[in-house]
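*Asks:* My questions are about this predicted structure, shown below with the sequence.
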Amino acid sequence: MNADLIRFVDSISRDKNIEKEFVFLDLEAAMVSAARKAFDGAEDVIIVIDRTTGEIDATVNGEPIDMKTLGRIAAQIAKQVMIQRIREDERSAIFDEYSERVGTVVTGTVTRHESAGLTVNLGRGEGFLPRSEQIPGDAHHPGERIRAMILNVREDQTQVKIILTQTHKDYIRKLFELEVPEVAERIIEIRALAREAGYRTKVAVSSIDMKVDAVGACVGVRGSRIRNIVDELGGEKIDIVRWNESSQVLISNALKPAEVRETHLCFELGRATVIVDEDQLSLAIGKRGQNVRLGAQLTGWDIDILTPAEYDKNVDGVERALKNVEGIEDLLLDKMLAMGIVSLADFAGIGRDPLMNDLEMSPELADRVLDAAAEGAKQAAVEAEAARKAAIEAKKAAEAEAKAETEAGDDDSLAEAVAENEGDAEPGSESADAEQSEGAVPSDDAETKDASTDTEGVETESVEEVDVVQEDGAAT
């Protein structure tokens with residue numbers, strides 16, 4: 001029995017991933033409960049199991065007892081206590097194991113599909129993938145093998161909840177580590193990452209080895225590496241850009257495939273003004289602003305995209321508003337532009353200190369500049385509102401004119417159709433049709449009809465004679 005007890009402990013420890021010491025403690029606690037039940041709730045119960053031989057030393061109130069003599073009821077109690085304690089230890093072991101694996105990618109099998117999410121069998125534990133953490137557009141079914149990253153682990157009263165995610169941006173980072181050995185070995189570093197799950201991801205990479213092309217290594221031969229990641233994400237687009245310490249270069253890379261002409265940085269506002277050609281504007285902004293939004297997340301700059309005409313208009317507005325301010329010269333205006341101040345609205349966000357510290361303005365000049373900029377911004381707002389109203393009125397007038405022309409065209413078409421109908425009808429034809437519809441017959445036609453009626457028999461006879469002549473001629 002003692003050898004069987006040791007084997008029993010080894011088996012539970014191996015299958016449940018519980019330390020042997022915990023299993024021995026559970027056995028001892030179960031036997032103590034059984035002994036107390038058998039001896040009417042005795043308090044002084046001591047049971048010790050030898051960890052090497054499996055020998056059981058049990059005493060109740062100082063008297064040694066044999067555990068085999070406790071009976072079936074005590075054995076049943078010991079069994080129930082043992083099962084409960086083993087389950088608690090198993091939950092603790094699962095919690096400890098998966099708590100250490102938070103942030104790692106796991107593979108499991110979908111067991112249930114519910115409205116709230118998916119239940120995934122991870123082997124020793126059961127994970128839950130909420131709908132909010134699933135890639136939009138992906139459909140899963142029971143029995144399907146999926147990958148996900150462990151987001152959080154919580155211990156409940158009855159189970160351990162392992163929360164999974166496929167939408168977290170670190171999930172992309174872990175997939176690159178699995179598919180690109182250089183990333184796992186830290187030869188290539190993912191410096192920044194921006195993601196809109198299910199749609200698009202931008203990744204900025206750099207290499208510590210000059211011989212290793214960071215972008216090319218992540219893409220792989222003929223796109224083999226990046227294709228595996230894209231397939232895992234259900235077709236989500238991934239842009240891999242080259243990291244650069246220069247913010248201007250990084251912003252230009254982040255907005256690709258659009259071509260950037262110029263980039264002006266305003267460190268005080270944390271904003272980058274990017275100038276692109278008119279034909280590149282929609283490409284730089286992206287569908288529903290996705291490209292510029294991800295570029296801003298990737299670089300950490302608030303990106304404002306303008307065309308050259310819009311940029312020149314803003315700069316002209318600044319010059320026009322400040323040209324009459326005493327103490328403002330062209331050189332000072334150029335310095336403002338170099339600071340990234342490209343519109344009148346920027347002065348309100350910057351305030352006095354940058355003007356005084358960076359441009360070495362006096363407090364009085366800085367105040368005059370801010371006042372002039374504020375007044376110019378108000379005037380520009382009034383002009384913009386007037387232009388907007390004028391455009392609306394012009395649009396309404398154009399629509400009204402087009403509507404009037406359409407109605408006039410319809411009236412002319414109707415008049416032409418009426419004229420054509422009147423020209424086709426001959427004079428008196430309407431009365432003639434009316435008479436015919438009423439059954440009236442003109443006088444000449446009536447006489448002709450009577451004549452044909454009187455000679456009807458004669459015509460018949462003449463026809464018969466013609467037939468006879470033809471027959472005779474044929475006989476001849």
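*Replies:* Perfect, thanks for sending it. What you see is a predicted model, and the numbers here were worked out from it, not measured in a lab. Numbers count the residues shown, from 1 in each chain.
*Asks:* Give me the contact list for stretch 212-226.
*Replies:* 176, 179-180, 182-183, 187-188, 203, 205-207, 227, 238, 240-243 (CB atoms under 8 Å, 6 or more residues apart in numbering). C-beta: built from backbone N, CA, C; applies to glycine.
*Asks:* Output stretch 357-368 in PDB with nothing but the alpha carbons.
*Replies:* Taking C-alpha atoms only, stretch 357-368 is exported to PDB below (Å, rounded to 0.1, in the frame of the first residue of the first chain):
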ATOM      1  CA  ASN A 357      13.100  82.500 -25.400                       C
ATOM      2  CA  ASP A 358      13.600  81.200 -28.900                       C
ATOM      3  CA  LEU A 359      13.100  84.300 -30.900                       C
ATOM      4  CA  GLU A 360      14.500  86.700 -28.200                       C
ATOM      5  CA  MET A 361      11.500  89.000 -28.300                       C
ATOM      6  CA  SER A 362      10.800  91.500 -25.600                       C
ATOM      7  CA  PRO A 363       7.600  90.900 -23.600                       C
ATOM      8  CA  GLU A 364       6.000  93.900 -25.200                       C
ATOM      9  CA  LEU A 365       6.800  92.700 -28.700                       C
ATOM     10  CA  ALA A 366       5.600  89.200 -27.900                       C
ATOM     11  CA  ASP A 367       2.300  90.600 -26.700                       C
ATOM     12  CA  ARG A 368       1.900  92.800 -29.800                       C
END
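*Asks:* and the longest helix that the chain contains, how far from the chain's centre?
*Replies:* For the chain, the longest helix by residue count, based on DSSP state H, is helix 363-424. Counting by CA atoms, centre = their mean, to the nearest Å, helix 363-424 is centred 38 Å from the centre of its parent chain.
*Asks:* avg pLDDT for that helix?
*Replies:* Helix 363-424 comes out with an average pLDDT of 80.
*Asks:* tell me what that helix is packed against?
*Replies:* helix 308-322, helix 345-350, helix 352-358 (3 or more CB pairs under 8 Å, 6 or more residues apart in numbering; DSSP states H and E).
*Asks:* change it to 10 Å
*Replies:* helix 308-322, helix 330-338, helix 345-350, helix 352-358 (3 or more CB pairs under 10 Å, 6 or more residues apart in numbering; DSSP states H and E).
*Asks:* just the angle between it and helix 330-338, please?
*Replies:* On the basis of axes from the mean of the first three to the mean of the last three CA atoms, to 10 degrees, helix 363-424 is oriented at 70 degrees to helix 330-338.
*Asks:* now the angle from helix 363-424 to helix 308-322?
*Replies:* 130 degrees.
*Asks:* what pairs with Gly127 across the strands?
*Replies:* Val120, Ile162 (DSSP bridges).
*Asks:* and the gap between it and Val205?
*Replies:* Computed as CB to CB, to the nearest Å, the Gly127 to Val205 distance reads 30 Å.
*Asks:* do the same with Asn314
*Replies:* In terms of CB to CB, Asn314 sits 35 Å off from Val205.
*Asks:* And those two? Which one has more around it.
*Replies:* Here Asn314 and Val205 are compared on neighbour count by other CB atoms under 10 Å; more neighbours surround Val205, at 23 against 19.
*Asks:* Lovely, talk soon.
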